[in-house]
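The following comprises the amino acid sequence and a computationally predicted model.
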Amino acid sequence: MKITVITVCLNSVKTIEKTIKSVIDQDYIDKEYIIVDGGSTDGTLDIILKYKQYITKWISESDRGIFDAMNKGIQMASGDVIAFLNSDDWYVDGALSMIGETFEKTFCDCVCCDNYVIEKSGKYTYFDASNVKENDVYKRMIYYHSSIFARKEFFEKGNNFDLQYKIAADYDWFLRKVKGGMKIFYLHKPIFTFCYGGISSVNEIDCAREARTIAIQHLPEEKTEYLKSIDNRYYDIVVNASDHKYLHERIRKIIKNDNSVVIWGAGERGRQCLKWLQEAGRQVEFIVDKNENKWGNTINGVLITSSEHLCNKERNVIITPAEYAEEIKKEISLIKGAFNCILLIDLI
């Protein structure tokens with residue numbers, strides 16, 4: 001059984017040599033290695049040429065993004081199984097042998113595995129995919145992309161990665177194939193090391209937004225109860241994201257008028273929303289919360305109080321507890337005043 005590994009890259013001179021070596025040093029004989037370069041100018045091509053004799057096929061030309069490059073790699077592939085390895089990640093020793101043996105024993109369509117992760121902080125962790133449930137795939141991507149090995153027939157000509165998605169097209173592809181009946185075997189072994197720094201880990205908010213759109217699009221009718229989990233995951237990623245430039249631009253766009261701004265909810269999301277607003281130069285008049293024990297306290301100098309303080313004024317009210325949004329909007333509708341209710345999901 002031939003296994004094709006595809007690496008796409010652009011200006012990856014600092015990392016790609018370790019990636020290449022991890023593939024060509026695999027003891028699995030029947031392998032094919034393809035590199036699709038997007039027109040690097042930083043010395044990446046010199047490294048590719050250094051290992052040219054061990055690379056089955058490679059090209060260097062401009063493309064329309066990472067998934068366009070991956071689609072090109074698929075069209076070049078001749079293996080029975082296709083996998084992708086990012087240009088800053090690397091396989092463990094014997095990875096392809098473990099995958100080949102699993103396919104031969106199980107006759108499955110796709111093998112998915114565990115992997116190591118090097119966090120942004122440099123911390124080395126283990127991603128144990130045995131902790132996820134199969135149905136969780138309808139809420140989020142449950143495997144790292146490079147831990148997915150699928151038979152070639154699941155990569156159809158012209159129907160692989162959808163280029164309308166710039167960051168999470170692999171999740172869209174995976175969901176389509178799962179819904180189409182692709183049989184997955186989970187191998188409880190670490191196959192590669194993932195390093196934060198790729199497109200999905202750098203553009204956290206954009207990736208989370210695309211993943212949310214994809215999850216909702218593919219959600220089966222009988223699983224509509226997952227909608228809350230999908231939104232909650234999106235909220236959590238945004239709350240913990242490091243780059244808030246996008247959020248500041250959204251705040252300035254959505255909250256256009258000069259009416260005062262009030263946050264409803266003094267929980268974690270309310271606190272983070274306050275931080276974003278203050279960073280974006282918007283003053284928050286006060287924070288409303290149903291918990292009387294919080295009244296009179298402050299967060300970053302902003303008072304927490306009851307909804308009674310909303311009366312008789314025009315205000316922008318940002319509702320942060322997503323699970324109670326409709327209930328809160330009904331309560332606000334009974335209060336005398338003119339209110340522009342904004343859900344946190346609309347803000348982010």
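Arrived safely, thanks for sending. None of the values given here were measured: they were computed from a predicted structure.

any idea what sits nearest residue 73, other than its immediate chain neighbours?
Of all residues not flanking residue 73 in the chain, residue 6 sits nearest, at 3.6 Å (CB to CB, 6 or more residues apart in numbering). Backbone N, C-alpha and C define where each C-beta goes, glycine included.

Now the one you found, what are its backbone angles?
Main-chain dihedrals, residue 6, degrees, to the nearest 10: phi -120, psi 130.

pretty sure it is in contact with residue 84, am I right?
Yes: between residue 6 and residue 84 there is a contact at 5.1 Å, judged by CB atoms under 8 Å.

Between those two, which contacts overlap?
Here residue 6 and residue 84 have 70, 73 as joint contacts, going by CB atoms under 8 Å, 6 or more residues apart in numbering.

what residue ranges in this structure score low on pLDDT?
Applying pLDDT under 70 to the chain picks out residues 157-159, 197-202, 239, 242-244, 246.

Going along the chain, name the helices of it.
16-24, 44-50, 66-76, 95-106, 169-179, 199-202, 204-218, 227-240, 245-254, 268-279, 325-333, 344-347 (DSSP state H).

And for the closest residue to residue 116 other than its chain neighbours, the neighbour number?
Using CB to CB, 6+ apart and skipping residues adjacent in sequence, the residue nearest residue 116 is residue 193, 4.2 Å away. Per other CB atoms under 10 Å, the neighbour tally for residue 193 reads 18.

Do I have it right that residue 23 meets residue 33?
Yes: counting by CB under 8 Å, residue 23 touches residue 33, with 5.1 Å between them.

These two: which has the busier surroundings?
The neighbour count for residue 23 versus residue 33, taken as other CB under 10 Å, is higher for residue 23 (25 against 21).

That one: what's it in contact with?
Applying CB under 8 Å, 6+ apart to residue 23 gives the contacts 5, 7, 31, 33, 85, 91.

and of the helices of the chain, who's closest to residue 306?
helix 325-333 (11.2 Å; CB to CB).

could you check the angle helix 227-240 makes with the closest one?
Interaxial angle, helix 325-333 versus helix 227-240 (axes from the mean of the first three to the mean of the last three CA atoms, to 10 degrees): 80 degrees.

Show me what helix 325-333 packs onto, helices and strands only.
With contacts taken as 3 or more CB pairs under 8 Å, 6 or more residues apart in numbering; DSSP states H and E, helix 325-333 sits against strand 314-319, strand 338-343.

Deepest in the core, which of these is it.
strand 314-319 (a mean of 22; mean count of other CB atoms under 10 Å).

Tell me the strands beside it, with direction?
strand 260-264 (parallel), strand 338-343 (parallel) (DSSP bridges).

Test my guess that residue 252 contacts residue 277.
No: when contacts are counted by CB under 8 Å, residue 252 is not listed as touching residue 277 (10.4 Å).

Could you check which of these two has the larger neighbour count?
With neighbours defined as other CB under 10 Å, residue 252 and residue 277 compare such that residue 277 has more, 23 against 12.

Now for that one: which residues touch it?
By CB under 8 Å, 6+ apart, the residues touching residue 277 are 251, 261, 263, 283-284, 318.
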